[in-house]
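J.: Build me a model from this:
(one chain, ligands or ions: 1)
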Amino acid sequence: MTPILQCKVLGKRYGAKEALSSVDLQLGRGRIVGLLGPNGSGKTTMIKLASGILTPTSGEILIDGKAPGIESKSLVSYLPERTYLADWMRVSDLLGFFGDFYQNFNQEKAKEMLERLDINPNDRLKTMSKGTKEKVQLILVMSREAGLYLLDEPIGGVDPAARDYILNTIITNYSENATVIISTHLIADVERVLDDVIFIASGKIVMTSSVDEIREEQGKSVDELFREVFKC
Ligand SMILES: Nc1ncnc2c1ncn2[C@@H]1O[C@H](COP(=O)(O)OP(=O)(O)OP(=O)(O)O)[C@@H](O)[C@H]1O
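T.: Below is the predicted model:
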């Protein structure tokens, strides 16, 4: 089966700054993958390349065997680091907006998640706290029936109790064949839901491993290993 995401000697420069270099990677389906690395290591750049917002400077990135484009946009559901939604909109407007925009948007799923998190669909984004806005955005993104979810720092602004609910939402609301990439610094919170991890530093992949391998072979949690590998 074609990998959902493949990078072949992928490189990205911003002017003279090399943000990613010679990244080779292949991700299968049905996995939850943590993209982990220190500040400035290239995580957001990698996610933006996969979403098609940025184009590579060298090498290639393929989604289900194809370069990012119109077809891949229906396969990929992307949660950016920052909110891009117009804050005068009510949550119910956003459900309509996503429904019009994406054929694979599941309104019922979104409404159910909003109810569970006690978010009123009549509220406008601008009246909400940062954490609630983040929850709304994540709900919109996870309510699409996509093949690849790209979540850039999905739980940064959310309180620890809601983090658990959100992570469970991620696990239970993606289809068996979909893959989820989560970039985060909150490794201890997230690691229980991860199948695999990618460690990235200075634009290069330094390790890819299953979480089970890390636990069984190294006798460590992902958080412990991360702190050891990236010790300042
Ligand atoms: N638009 C840009 N112009 C110039 N340099 C950039 C730009 N965006 C990112 N960079 C640089 O590219 C490198 C990778 O940045 P990126 O945002 O991908 O890292 P990150 O791992 O997501 O960081 P963080 O964990 O802090 O969010 C950094 O050195 C950053 O300063």
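J.: ok, the most centrally placed residue in the chain - contacts?
T.: Nearest to the mean C-alpha position of the chain, by C-alpha atoms, centre = their mean, lies Leu151 at 1.7 Å. Contacts for Leu151 (C-beta atoms under 8 Å, 6 or more residues apart in numbering) come out as Leu79, Leu138, Val141, Ile170, Val180, Ile181, Ile182, Ser183. Any C-beta I mention is one placed from the backbone N, CA and C, and that applies to glycine too.
J.: Tell me which helix or strand comes right after the helix or strand Gly131 falls within.
T.: Under the criterion of DSSP states H and E, Gly131 resides in helix 130-142. Next in sequence after helix 130-142, counting helices and strands by DSSP H and E, comes strand 148-152.
J.: Buried residues, the helix or strand of the chain with the lowest mean pLDDT. List them.
T.: The weakest-scoring helix or strand in the chain, judged by mean pLDDT, DSSP states H and E, is helix 160-172 (a mean of 83). Going by neighbour count (16 or more other C-beta atoms under 10 Å), the buried part of helix 160-172 is Ala162, Arg163, Ile166, Leu167, Thr169, Ile170.
J.: Adding distance to Leu75, write those out as CSV.
T.: CSV is the format used below for those (distance: C-beta to C-beta, whole Å):
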residue, distance to Leu75
Ala162, 28
Arg163, 27
Ile166, 23
Leu167, 23
Thr169, 20
Ile170, 18
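J.: At which residues are the helices of this structure located?
T.: 43-51, 70-75, 91-101, 107-116, 130-142, 160-172, 187-190, 211-218, 222-229 (DSSP state H).
J.: Where does the prediction get shaky in the protein?
T.: 173-174 (pLDDT under 70).
J.: and it, which residues reach the ligand?
T.: For the chain, the residues in contact with the ligand (C-beta under 6 Å from any ligand atom) are Tyr14, Lys17, Ala19, Gly37, Asn39, Gly40, Ser41, Gly42, Lys43, Thr44, Thr45.
J.: May I ask which two of those residues are separated the most?
T.: The most widely separated members of the residues of the chain next to the ligand, counting by C-beta to C-beta, are Tyr14 and Gly37 (16.9 Å).
J.: Which one's more surrounded, these two?
T.: Shown here are Tyr14 and Gly37; by other C-beta atoms under 10 Å, Gly37 has more neighbours (24 against 10).
J.: sorry, back to before: which PyMOL command selects the buried ones in the residues of the chain next to the ligand?
T.: Burial among the residues of the chain next to the ligand is assessed by 16+ other C-beta under 10 Å; the matching PyMOL selection reads:
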select buried, resi 19+37+41+42+43+44+45
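J.: And the contacts of stretch 45-53?
T.: Here stretch 45-53 has contacts from 5, 10, 12, 19-20, 23, 35, 54-56, 61, 63, 68-69, 72-73, 76, 78, 148, 150, 152, 181, 183, 200, 203, using C-beta under 8 Å, 6+ apart.
J.: Cheers, nothing more for now.
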